[in-house]
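Colleague: here is a sequence with its predicted model. Questions after.
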Amino acid sequence: MNNIYLPKIIKVISTNRESADTHLIRFKFASAADQREFNFLPGQFMQVGFAGWGECPISICSSPYESEKYFELAIRDVGQLTHKLNGLMIGDEVLARGPFGNGFDVDRFTNKNLLIIGGGCGFVPLRPLIVDFLSGRLISRKMQIFYGCLNEDTLLFKNQYKDWTKHAELDVILDKPSAKWQGEKGMITELIKKKEITPDTVVVMVGPPVMYKFAIKELEKKLIKPENIWLSLERKMYCGLGVCQHCAIGPYYVCKDGPVFSYSQLKSIPNVI
Amino acid sequence: MQADMADIAKNKLRQFASSLMEDYFVYAPVMHDGKLTAMEAENCKDIDWSGQITYNPWKEMFTPHTERIFDINGDRLTQTKGTQPPVACLGMNILDLKALALYDEVFSNDIYYQNRRKKIVIVGFSSDWPNDYKKFKVFSHDFERDILHHVSFDIFIARSKGDKLKYYSGSAKGRELLEKYGITKFDHIEFEGAVPISGPDKRMVSLVDKVENSFDHSLWDTLDKICLACGKCTIACPTCFCFNFSDKIDPNNSRRDRTQGNCFYNDFSKVAGGHKELDTVKKKIYFWYVHKFVRIPKEYNLPGCVSCGRCVKACPVGIDIFKNIAKLSKIK
């Protein structure tokens, strides 16, 4: 019997400071066989950590089509373990289990108008969808991207916006930008209010719970159906396999049945959003 | 005459326990500090044969409060090789066997649980139980044979009203032990899976939607006011199995432990940055009931509450799960 809690060793291939508090780190498995067998869906996550430091769930932010070679995690420095992960150097080893979770059901996005909404570091798991759309592997009619952040320093993937805007529409809005900021200012809901969104749009949204609450209200005003609003939840978890109970919400486990849910699945569960 | 029969039965049971003690460390119901406690029996005379439910659940035997799962050597984890002494759990009530059947499902892929579980001999016991059983109302089975086929044990001993003892084997190991201990007359019960072919328990099924959609029911506001969120119910509950991992760095003894969790405690749902899913007592106690009456039934088709009533006895403010479920079951 396999030990489901035994992590594998992964190694840092590159690490780049992506924003004031986040590093984008590219990993590959120490064992070539582990790397070959590794496969994931956008929206899935890994449990990463160190011996003596525990584990934490981190969304994968690279394209599944690169999974034979590497995978990437954008890790925000929010606690002791993520602080240590942010200090990693090339060649350093990390322990990892996964991938876990259901991921985005990309078949539901095919040939649809797709609206990607990211809030803060919640933007991370959305990147594979954008990358796959740009490379023609995710075929949707149109892609709109709304990205809300605190300020310029916390913006992720800045050097990729030029590529993104070749085929997708990108709108960035900052809550508390510097005086130099020329773009939109305010909360992400402002973008939803202002921009044209067709009622048949499929929305994929990742951000903090408070963003979901207000963004969903605005999306409903645009006549988007609950079953066309997809979002990813963040919860405390240990096992990643629907046993330890920490991530349970209503009848679901975020680690196993999620982290991606449609709003229609969640709207009757009290206190989730 | 009746007293004689009772003595004969008691002697036989004692003899059986005594034989078992020669081969195993025997955990059994023993009166301890005035409470019937599942604990190691040092003398077969100490074992209680009333068939009553022990104050504590048996889960410590299967999922210890703290369990070392990895040794930490430098930056590597290696699976801790535990040694499991030969243990027999003697006198497990039918309700506890139901809880164990659920654990077997929940931890079916868990190497630590499985390694321990397969070495523990389970001896179930019931005393006059068909009558007793009807008092427990959360699920609705009626007959002995409906039940024994769906719980996992090595040996089961049923004492009927006239103090007759009936022995069952539930595994090859059980059969072997019964024969070894000179018991030749017994029936074999083949485990047919925890969920009967006739389908999951009807009462359990009828409660799922009611509990799931009950958050606005006044019951939870009432409980919010009286529940202390002390978590004793979860410790007493034979179907509470949540856990945490925690790493300990200690010279020469660094390890990753698995420890039993508690959904009433403040850090249960707290994520980095401080956000907490369960931030009121109302949410916590509702979460606990959803675990028992929604999530487990949906996932395993098994009741997440075996009606043992331990939580009622343990609760310092007298919260009664039977009364609460009765209220929720009235929801139209």
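Modeller: Looks like it arrived, so ask away.

Colleague: going by C-alpha atoms from here, please, whenever you check contacts or count neighbours.
Modeller: OK.

Colleague: got the residues of chain B near chain A?
Modeller: Residues of chain B found near chain A (CA under 8 Å from any CA of the partner chain) are B:72, B:74-79, B:106-107, B:109-111, B:212-213, B:215, B:241-249, B:254-256, B:263, B:268-273, B:277, B:287, B:290, B:294-295, B:298.

Colleague: mind doing that once more with 6 Å?
Modeller: Proximity of chain B to chain A, by CA under 6 Å from any CA of the partner chain, involves residues B:75, B:76, B:111, B:242, B:243, B:247, B:269, B:271, B:272, B:295.

Colleague: can you report how many residues neighbour the closest residue to the last one other than its chain neighbours?
Modeller: Which is residue B:295. With sequence-adjacent residues excluded and distances taken as CA to CA, 6 or more residues apart in numbering or on different chains, residue B:295 is closest to residue A:251, at 4.8 Å. Residues near residue A:251, counting by other CA atoms under 10 Å in any protein chain shown, number 22.

Colleague: could you check the pLDDT of residue A:251?
Modeller: Predicted confidence (pLDDT) for residue A:251: 95.

Colleague: surely it meets residue B:293?
Modeller: No. Using CA atoms under 6 Å, residue A:251 is not in contact with residue B:293; the gap is 9.7 Å.

Colleague: how near is the residue nearest to residue B:295 to residue B:303?
Modeller: According to CA to CA, to the nearest Å, residue A:251 and residue B:303 sit 14 Å apart.

Colleague: swap in residue A:36?
Modeller: In terms of CA to CA, residue A:36 sits 41 Å off from residue B:303.

Colleague: so which of those two has more stuff around it?
Modeller: Using other CA under 10 Å as the criterion, residue A:36 and residue B:303 rank with residue B:303 on top: 27 against 13.

Colleague: quick one, what contacts the more buried one?
Modeller: residue B:297 (CA atoms under 6 Å, 6 or more residues apart in numbering or on different chains).

Colleague: how about it, secondary structure?
Modeller: Classification of residue B:303 using DSSP: H, G, I helix; E, B strand; the rest coil returns coil.

Colleague: need phi/psi at it.
Modeller: Main-chain torsions, residue B:303, degrees, to the nearest 10: phi -70, psi 140.

Colleague: residue B:245 belongs to a strand?
Modeller: Yes. Per three-state DSSP, residue B:245 lies within a strand segment.

Colleague: pretty sure it sits against residue B:255.
Modeller: No. Applying CA under 6 Å, one finds residue B:245 not in contact with residue B:255, separated by 10.2 Å.

Colleague: give me the more crowded residue out of those two.
Modeller: Neighbour totals were compared for residue B:245 and residue B:255, and residue B:255 leads with 24 against 21 (other CA under 10 Å).

Colleague: relative to whichever strand or helix holds residue A:24, what are the paired strands and their orientations?
Modeller: Element membership of residue A:24, judged by DSSP states H and E, is strand A:22-29. Strand A:22-29 sits in its sheet next to strand A:8-19 (antiparallel), strand A:71-76 (antiparallel), going by DSSP bridges.

Colleague: export those strands to TSV and tack on distance to residue B:93 and mean pLDDT?
Modeller: Below are those laid out as TSV (distance: least, CA to CA, whole Å; pLDDT from 0 to 100):
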stretch	distance to residue B:93	mean pLDDT
strand A:8-19	41	95
strand A:71-76	49	95
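
Colleague: dump those strands to JSON lines, plus distance to residue B:182 and mean neighbour count.
Modeller: Shown next, in JSON lines, are the strands paired with strand A:22-29 (distance: least, CA to CA, whole Å; neighbours: other CA atoms under 10 Å in any protein chain shown):
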{"stretch": "strand A:8-19", "distance to residue B:182": "51", "mean neighbour count": "19"}
{"stretch": "strand A:71-76", "distance to residue B:182": "62", "mean neighbour count": "24"}
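
Colleague: quick one, what contacts the spatially most central residue of chain B?
Modeller: Nearest to the mean C-alpha position of chain B, counting by CA atoms, centre = their mean, stands residue B:238 at 3.4 Å. Taking CA under 6 Å, 6+ apart, we find residue B:238 in contact with B:57, B:99.

Colleague: return the distance of it relative to residue B:296.
Modeller: Plainly put, residue B:238 is 13 Å away from residue B:296 if you go by CA to CA.

Colleague: and residue A:44, by the same measure?
Modeller: From residue A:44 to residue B:296 the distance is 24 Å (CA to CA).

Colleague: show me which of those two is the more surrounded one.
Modeller: Taking neighbours as other CA under 10 Å, residue A:44 and residue B:296 compare with residue A:44 leading, 25 against 20.

Colleague: and the nearest residue to residue B:95 once chain neighbours are set aside, how many residues sit next to it?
Modeller: Distances taken as CA to CA, 6+ apart put residue B:306 closest to residue B:95, at 5.7 Å, once the chain neighbours are dropped. By other CA under 10 Å, the residues close to residue B:306 number 22.

Colleague: about what we covered before: and the least confident of the residues of chain B next to chain A?
Modeller: The member of these with the lowest pLDDT is residue B:272, at 81.

Colleague: so who does the closest residue to residue A:122 other than its chain neighbours touch?
Modeller: Using CA to CA, 6+ apart and skipping the chain neighbours, the partner closest in space to residue A:122 is residue A:207 (4.2 Å). By CA under 6 Å, 6+ apart, residue A:207 lies in contact with A:118, A:119, A:122.

Colleague: do the same with residue B:218
Modeller: Counting by CA under 6 Å, 6+ apart, residue B:218 has no contacts.

Colleague: using the three-state scheme, assign the residue nearest to residue B:95.
Modeller: Assigned by three-state DSSP, the conformation of residue B:306 is coil.

Colleague: now swap in residue B:297 and tell me
Modeller: State at residue B:297, reduced to three classes by three-state DSSP: helix.

Colleague: can you give the domain ranges for the chain?
Modeller: Picking chain A for this. Domain assignment for chain A by automatic domain parsing gives A:8-100, A:109-222, A:233-273.

Colleague: I was after chain B.
Modeller: B:2-188, B:202-329.

Colleague: what does the host helix or strand of residue B:102 contact?
Modeller: Applying DSSP H and E as the criterion places residue B:102 in helix B:94-106. The contact list for helix B:94-106 (CA under 6 Å, 6+ apart) reads B:151, B:238, B:239, B:306.

Colleague: Throw these into JSON lines and include secondary structure and pLDDT, thanks.
Modeller: JSON lines is the format used below for the contacts of helix B:94-106 (DSSP: H, G, I helix; E, B strand; the rest coil; pLDDT from 0 to 100):
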{"residue": "B:151", "secondary structure": "coil", "pLDDT": "92"}
{"residue": "B:238", "secondary structure": "coil", "pLDDT": "97"}
{"residue": "B:239", "secondary structure": "coil", "pLDDT": "97"}
{"residue": "B:306", "secondary structure": "coil", "pLDDT": "93"}
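
Colleague: quick one: which of these is nearest to chain A?
Modeller: residue B:239 (12.2 Å; CA to the nearest CA).

Colleague: look up the closest residue to the closest one, ignoring the ones flanking it.
Modeller: Using CA to CA, 6+ apart, the closest residue to residue B:239 is residue B:99 (5.7 Å).

Colleague: do residue B:171 as well
Modeller: residue B:154 is the one closest to residue B:171 (CA to CA, 6+ apart), at 5.0 Å.

Colleague: check residue B:301 too.
Modeller: residue B:200 (5.7 Å).

Colleague: now do residue A:11
Modeller: residue A:93 is the one closest to residue A:11 (CA to CA, 6+ apart), at 4.6 Å.

Colleague: cool, and residue A:99?
Modeller: residue A:46 (5.0 Å).

Colleague: ok, that neighbour - contacts?
Modeller: Neighbours of residue A:46 in contact, by CA under 6 Å, 6+ apart: A:57, A:58, A:97, A:98, A:99.

Colleague: would you say the fourth one is within a strand?
Modeller: I take that to be residue A:98. Yes. Under three-state DSSP, residue A:98 sits within a strand.

Colleague: for the helix or strand harbouring residue B:39, packing partners?
Modeller: Using DSSP H and E, residue B:39 maps to strand B:35-40. Here strand B:35-40 touches strand B:25-32, going by 3 or more CA pairs under 6 Å, 6 or more residues apart in numbering or on different chains; DSSP states H and E.

Colleague: no further questions, thank you.
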